[in-house]
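In: can you look at this prediction? I've put the sequence above it.
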Amino acid sequence: MSIITGDKAFFKGIGQVQFEGRESKNPLAFRWYEADRVVAGKPMKDWLRFACAYWHSFNGDGSDPFGGRTHFFPWDQSADPLQRAKDKMDAAFEFMTKINLPFYCFHDVDLIEHTNDIQENEKRMSFITDYAKQKQAASGIELLWGTANLFSHVRYMNGAATNPDFHVLTHGAAQVKAALDATIKLGGSNYVFWGGREGYMSLLNTDMKREQEHLAKFLHVAKDYGRAQGFTGTFLIEPKPCEPTKHQYDYDAATVIGFLEHFGLQNDFKLNLEVNHATLAGHTFQHEVQVAAQAGLLGSMDANRGDYQNGWDTDQFPTSVNELAETMLILLEAGGLNKGGINFDAKIRRNSTDPEDLFYAHIGGMDTFARALIVADAVLQQSDYKKLRQQRYQSFDSGAGADFEAGKLDLVALRDYAVANGEPAMISGKQELYENIINQYI
Ligand code: XUL
Ligand code: CO
């Protein structure tokens, strides 16, 4: 990969970020993320498949509901929207190259500004994806997933695929078609649906059954179109319980799995799980990953964290090795993400206003995941963790317990066993021991 220097550089003075090891004092170096280091049989980069989220890193301007922009970055200065889009893409590829991020993810409107003219938008998408194709070829960076933003435009205030007005639904379809075309053109591994406004603000004005059926039909036609165009990647649904809607239909992993199976979508769709969305649903991220993994529907991850003192989606960069180590245990046992990856759906704070803050944020996130992966692998390889968990269930390994698992015992037989064997002995769950094992390897 060539390093952008001189006048053309947006991140002047920042060179290639390297792995320097645990003792390094260089804030622009990795302490744990060593792309080619082999962990559990394959290089770290293949387990983690990190991606940059275009919207937070290159569109985010620091504004919040209480104040306007605080981030004034040099790639959004041109008066011409096409030139602005190219400048932003130059900045994005410079950043990703310098920090060694192998993938990126986008919404259609992140790549290039959209108008209210569908055909003009299609032309713009074609223009900017031509440019992205060149940038990908020159850098080796790939597209992890594309998606359409069906939640920001005023027309989507009552939803897109679940809008009570069919006309609005068709505009959503036009955007999904163009975003799918773009994803296919750029060789994307996945295509994401996050239904920020696919839900309700009040049940009083909502025919929930009809809206959910519309959502399923919409996903079917999108999937059929993608497959007809030769898309072999995975379609992903990203659960979130609320925000911006009061209740989102893709509430959490279990809800989405039930929906996919009910509407016959489970063979083409998997889940893209996001840390802070899990927390908002009242779950740990580990819980969501486990639910998806055991259903064979673990697709990809959006990495971030919330704030335990408040209840909205703060999209901060991950920093807790302890929490992520628990997630990595599940990921390792599930065999990885296959075509998925770990997308930093996280933003630097409103008052983090220097270009290098974007580097610190991603270095922190990548190092935290790398360290968590190493810890989880050590726990699985070196400790009694797996053995202890397995032993908790040993009463099902033979005898009547095994007969029960094999479906050989009816309710009366179970009752008779209880009578014959009296009161069970107390067996400790040993939670503190398990918690200590994780800490022992950090
Ligand atoms: C919103 C969110 C989205 C999706 C893509 O909470 O996570 O950015 O990841 O639409
Ligand atoms: Co997300």
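Out: Yep, it's here. Ligands and ions are numbered 1, 2, ... in the order given.
In: now the closest residue to ligand 2 within the stretch 101-250 of the chain: how far from Tyr131?
Out: At 5.4 Å from ligand 2, Glu238 is the closest residue in the stretch 101-250 of the chain, using CB to the ion. Just so you know, the C-beta spots here come from the backbone N, C-alpha and C atoms, and that holds for glycine as well. Using CB to CB, to the nearest Å, we find Glu238 at a distance of 27 Å from Tyr131.
In: settle it for me: which of these two has more neighbours?
Out: Using other CB atoms under 10 Å as the criterion, Glu238 and Tyr131 rank with Glu238 on top: 24 against 17.
In: Ala292 is in contact with that one, correct?
Out: No. At 11.3 Å, Glu238 and Ala292 do not qualify as touching, with contact defined as CB atoms under 8 Å.
In: how many neighbours does Lys25 have?
Out: 7.
In: my bad, should have said Ala334
Out: So Ala334, with other CB under 10 Å, has 16 neighbours.
In: next up, phi/psi of it, please.
Out: phi -80, psi -10 (degrees, to the nearest 10).
In: residues contacting the closest residue in space to it that isn't next to it in sequence?
Out: Of all residues not flanking Ala334 in the chain, Ala293 sits nearest, at 4.0 Å (CB to CB, 6 or more residues apart in numbering). By CB atoms under 8 Å, 6 or more residues apart in numbering, Ala293 lies in contact with Ile330, Leu331, Glu333, Ala334.
In: distance-wise, check Pro65 relative to ligand 2.
Out: For Pro65, the distance to ligand 2 equals 19 Å [CB to the ion, to the nearest Å].
In: to clarify, my last question referred to Gln382.
Out: 34 Å.
In: same question for Arg415.
Out: Arg415 is 49 Å from ligand 2, by CB to the ion.
In: so where is the chain shaky, pLDDT-wise?
Out: 1-7 (pLDDT under 70).
In: where does the most centrally placed residue in it fall, helix, sheet strand or coil?
Out: The residue lying closest to the centre of the chain (CA atoms, centre = their mean) is Asp302, at 2.2 Å. What DSSP: H, G, I helix; E, B strand; the rest coil gives for Asp302 is strand.
In: was I right to think it contacts Glu274?
Out: Yes. Using CB under 8 Å, Asp302 is in contact with Glu274, at 3.6 Å.
In: common neighbours of the two, please.
Out: Common neighbours of Asp302 and Glu274 are listed as Glu238, Asp345 (criterion: CB under 8 Å, 6+ apart).
In: so what's whichever residue of the stretch 101-250 of the chain sits closest to ligand 1 closest to, chain neighbours aside?
Out: For the stretch 101-250 of the chain, the residue closest to ligand 1 is Trp194, as judged by CB to the nearest ligand atom, at 3.5 Å. The shortest distance from Trp194 to any residue other than its chain neighbours is 4.1 Å, reached at Glu238 (CB to CB, 6+ apart).
In: can you list the residues of the chain near ligand 2?
Out: Within reach of ligand 2 by CB under 5 Å from the ion, the chain has these residues: Glu274, Asp302, Asp345.
In: of those residues, which is the nearest to Ala406?
Out: Closest to Ala406 out of the residues of the chain next to ligand 2 is Glu274 (38.6 Å), distances taken as CB to CB.
In: before we move on, back to that, return the residues in contact with the residue of the stretch 101-250 of the chain closest to ligand 2.
Out: Val192, Phe193, Trp194, Asp250, Leu271, Asn272, Leu273, Glu274, His277, Asp302.
In: in CSV, list the residues you listed along with secondary structure.
Out: Putting the contacts of Glu238 into CSV (three-state DSSP) gives the following:
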residue, secondary structure
Val192, strand
Phe193, strand
Trp194, coil
Asp250, coil
Leu271, strand
Asn272, strand
Leu273, strand
Glu274, strand
His277, helix
Asp302, strand
